[in-house]
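Participant: Below are the sequence and a predicted model; questions follow.
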Amino acid sequence: MNMKFNQIPQWLIGLFGSASIIGMVTLVLKLFASGLQIQLIALLYLLPVLVCTLFWGLTSGILAGLLSFLAFNFYFIPPYLTLAVHQSQDVITLIVFLIVAVVVSQLIGQARQAERLARKREWEATRMYELISALAGLTDTQSIIQTLAQKIIDTFGFDQVEIIANEQVNEKPVSYRLSKLIAQEEPCELALSMFTTRTTEGEIRLWFDQNTLSLEETRLLAAFSSQGAMAIERVHLMQRENIARILEESDRVKTSLLNSVSHELRTPLAAIKASASSLRSGAVDWDTDARRELIATIDEETDSLNLLVGNLLDMSRIEAGALKPMKRWNSIQEIVKGVEVKMQTQLAQHPIEYQIPEAYPLVPTDYVLIGQVFTNLFSNSVKYAPPDSPIVVFAGVSDGNALIKVINQSPPVPEEHLEHIFDKFHRVTQADKITGTGLGLSICKGIIEAHGGKIWAENQPEGFSFNISLPLTLDGELPKIPKDAIDG
């Protein structure tokens, strides 16, 4: 007999309950039978049929209807205490009563079964919603199988759950075991494959009392397995998408870098080669202006080449996270003047104007790296600002930080491009006419952020401004004033 042991007591309760209720109703009706009409007694017998159907289901309701039919015939239809019927009217009454009792039992039983089915569906839908919500935000396989195992234990009450994913970490499969009791060593009772339409993602192993797993629970468990497999597949697809995006971005950067660098390297090398060849050929006298111009060309193009290579090295250090500024207390004006001297040839048509107070505080910076920032900012200003226009260097204090501005007279940049001009290879104005790799401003941003500051650009009435904000403290402290300076 294919019946669950935990349902046999309920079946017996329905059997004896129906018989008991019909017996009590018969006893009560027998006491008051003299004052009741036969039709009313038939109607009153329908009440216990309804009660039995509501409490114990369709089978108990039909049983109660049959018992009511027999009791009604035996005690209230003449001849009494027999099942014989002599009048045709009484036969019709009994037949109608039996039909009504059975139909009512079936209708109520079906309604009760539909309600019970609706509750099961609601329970399944609620558990599925909870599982899907829990898995939705997870982005790694280990978290997914841990959450899935916990939900399986909470929903089905298994003794132990183990989930093994096909994914491997350090040459070991990703797995998780959860148990309500002490871990068991005996073989599992059930193993489910976690698969999707694409592939199998793992396996679920269960330890439980097999008699407690209903048809609905089996169906819901299969749905849990499918949802877990789809969540793991989603993680794998996201990982592949990220790898593809990184490779695509890397390829784009590599292509842009090769295109820019190949042109930028070829230009100074060609000028240096041509100048050196002219000097070597002997066609130029050593004491003429042409010789000095060729030497100046070699010097300028060597500086350009050195700046380009330096930018490439700095960008590689920034992207690798290896840029570690060696902060010391430095004067911003001293750093800028050092850059001005080094770039005096490039800045010949752009005089530097200083708006820096004499008592401007020292700023904790890496002298070389901040010098590289100003070198790139001056180089950018020279490229885009008209000849004979000044470059203004302003220094002040704002919100407890050092505020430095480099202002040139280049054309204003459209507002939608301001936040992107510090991106790699991003060039806004005259990109087809002005040489450059598009790395200088990006390197400036990386260096300033490595100092704990920020850099941004603005279109201002006095010109186009690069703004730099740097902390005025080093490890939370201001520079220590020498004792001799205090005494003086």
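Facilitator: Yep, it's here. Numbering: from 1, shown residues only.
Participant: Between the two ends of stretch 357-370, how far is it?
Facilitator: Distance between the boundary residues of stretch 357-370 (CA to CA, to the nearest Å) amounts to 19 Å.
Participant: By average pLDDT, which secondary structure element in the protein comes out worst?
Facilitator: Averaged element by element with mean pLDDT, DSSP states H and E, the chain has its least confident helix or strand at helix 483-487 (a mean of 43).
Participant: Tell me where the stretch 101-250 of the chain has strands.
Facilitator: Taking DSSP state E, counting those that start in this stretch as the criterion, the stretch 101-250 of the chain carries its strands at 160-169, 172-179, 190-195, 200-207.
Participant: Quick check: which of the ones you listed is nearest to residue 444?
Facilitator: strand 160-169 (40.0 Å; CB to CB). The way it works is simple: take the backbone N, C-alpha and C, and place the C-beta from them, glycine included.
Participant: quick one on the thing from earlier: could you dump the strands of the stretch 101-250 of the chain into TSV and include mean pLDDT, mean neighbour count and distance to residue 42?
Facilitator: TSV is the format used below for those (pLDDT from 0 to 100; neighbours: other CB atoms under 10 Å; distance: least, CB to CB, whole Å):
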stretch	mean pLDDT	mean neighbour count	distance to residue 42
strand 160-169	86	18	56
strand 172-179	85	15	59
strand 190-195	86	16	53
strand 200-207	88	20	54
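Participant: Please dump the ones you listed into a markdown table; it should also carry distance to residue 418 for every row.
Facilitator: Formatted as a markdown table, those follow (distance: least, CB to CB, whole Å):
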| stretch | distance to residue 418 |
| --- | --- |
| strand 160-169 | 44 |
| strand 172-179 | 46 |
| strand 190-195 | 50 |
| strand 200-207 | 47 |
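Participant: in whichever strand or helix holds residue 340, what's buried?
Facilitator: Element membership for residue 340 (DSSP states H and E) is helix 332-342. By 16 or more other CB atoms under 10 Å, the buried positions in helix 332-342 come out as 332, 335-336, 338-340.
Participant: and what of stretch 290-308?
Facilitator: Applying a neighbour-count criterion of 16+ other CB under 10 Å, the buried positions in stretch 290-308 are 294, 297-298, 300-301, 303-305, 307-308.
Participant: Give me the average confidence score over it.
Facilitator: Summarised as a single mean, pLDDT over stretch 290-308 is 76.
Participant: distance between that stretch and the chain's centre?
Facilitator: Averaging C-alpha positions (CA atoms, centre = their mean, to the nearest Å) puts stretch 290-308 52 Å from its chain's average.
Participant: and residue 73, how far is that from residue 295?
Facilitator: 132 Å (CB to CB, to the nearest Å).
Participant: how about a markdown table for the buried residues of helix 332-342, with pLDDT and distance to residue 44 added?
Facilitator: Formatted as a markdown table, the entries for these read as follows, by pLDDT from 0 to 100; distance: CB to CB, whole Å:
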| residue | pLDDT | distance to residue 44 |
| --- | --- | --- |
| 332 | 93 | 104 |
| 335 | 94 | 106 |
| 336 | 94 | 108 |
| 338 | 92 | 111 |
| 339 | 90 | 108 |
| 340 | 92 | 112 |
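Participant: hmm, back to that, pick the one among the buried residues of stretch 290-308 closest to residue 120.
Facilitator: Checking those against residue 120 with CB to CB, the nearest one is residue 308 at 72.3 Å.
Participant: Could you check how many residues crowd around residue 41?
Facilitator: Here the neighbour count serves as a burial measure; for residue 41 (other CB atoms under 10 Å) it reads 22.
Participant: That one contacts residue 34, doesn't it?
Facilitator: No: between residue 41 and residue 34 no contact is recorded; they are 11.3 Å apart, counting by CB atoms under 8 Å.
Participant: For residue 449, see how far away residue 297 is.
Facilitator: Separation of residue 297 from residue 449 (CB to CB) stands at 36 Å.
Participant: Backbone dihedrals for the residue sitting nearest the centre point of the chain, please?
Facilitator: Centroid-nearest residue in the chain, with CA atoms, centre = their mean: residue 137, separated by 5.9 Å. The main-chain torsion angles of residue 137 are listed as degrees, to the nearest 10 and equal phi -90, psi 0.
Participant: one step back: tell me the helix or strand right after the helix holding residue 340.
Facilitator: Sequence order places strand 352-355 as the next helix or strand after helix 332-342, per DSSP H and E.
Participant: Now do the top helix by length along the chain against strand 172-179, angle only.
Facilitator: Longest helix in the chain by number of residues (criterion: DSSP state H): helix 215-281. Taking axes from the mean of the first three to the mean of the last three CA atoms, to 10 degrees, helix 215-281 and strand 172-179 form an angle of 150 degrees between their directions.
Participant: Counting by contacts, list what helix 215-281 packs against.
Facilitator: Applying 3 or more CB pairs under 8 Å, 6 or more residues apart in numbering; DSSP states H and E, we find helix 215-281 packed against helix 88-136, helix 141-156, strand 160-169, strand 190-195, strand 200-207, helix 289-319.
Participant: mind putting the ones you listed in a markdown table, distance to residue 227 included?
Facilitator: As requested, those are arranged in a markdown table below (distance: least, CB to CB, whole Å):
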| stretch | distance to residue 227 |
| --- | --- |
| helix 88-136 | 6 |
| helix 141-156 | 8 |
| strand 160-169 | 12 |
| strand 190-195 | 9 |
| strand 200-207 | 11 |
| helix 289-319 | 39 |
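Participant: Name the nearest residue to residue 472, sequence neighbours excluded.
Facilitator: Taking CB to CB, 6 or more residues apart in numbering, and ignoring the residues beside it in sequence, residue 472 has residue 402 as its nearest neighbour in space, at 5.4 Å.
Participant: okay, now the one you found: neighbour count?
Facilitator: Burial of residue 402, expressed as a neighbour count using other CB under 10 Å, amounts to 21.
Participant: Just want the angle from the one helix or strand it maps to to helix 332-342.
Facilitator: When elements are defined using DSSP H and E, residue 402 is found to belong to strand 401-408. Orientation note: strand 401-408 sits at an angle of 30 degrees relative to helix 332-342 (the same axes, to 10 degrees).
Participant: Who does strand 401-408 pair with, and is each partner parallel or antiparallel?
Facilitator: Neighbouring strands of strand 401-408 in its sheet, by DSSP bridges, are strand 391-398 (antiparallel), strand 463-471 (antiparallel).
Participant: Residues contacting the last one, please?
Facilitator: Yep, that's strand 463-471 we're talking about. 363-365, 373, 377, 380, 384, 392, 398-399, 401-413, 444, 448, 451-459 (CB atoms under 8 Å, 6 or more residues apart in numbering).
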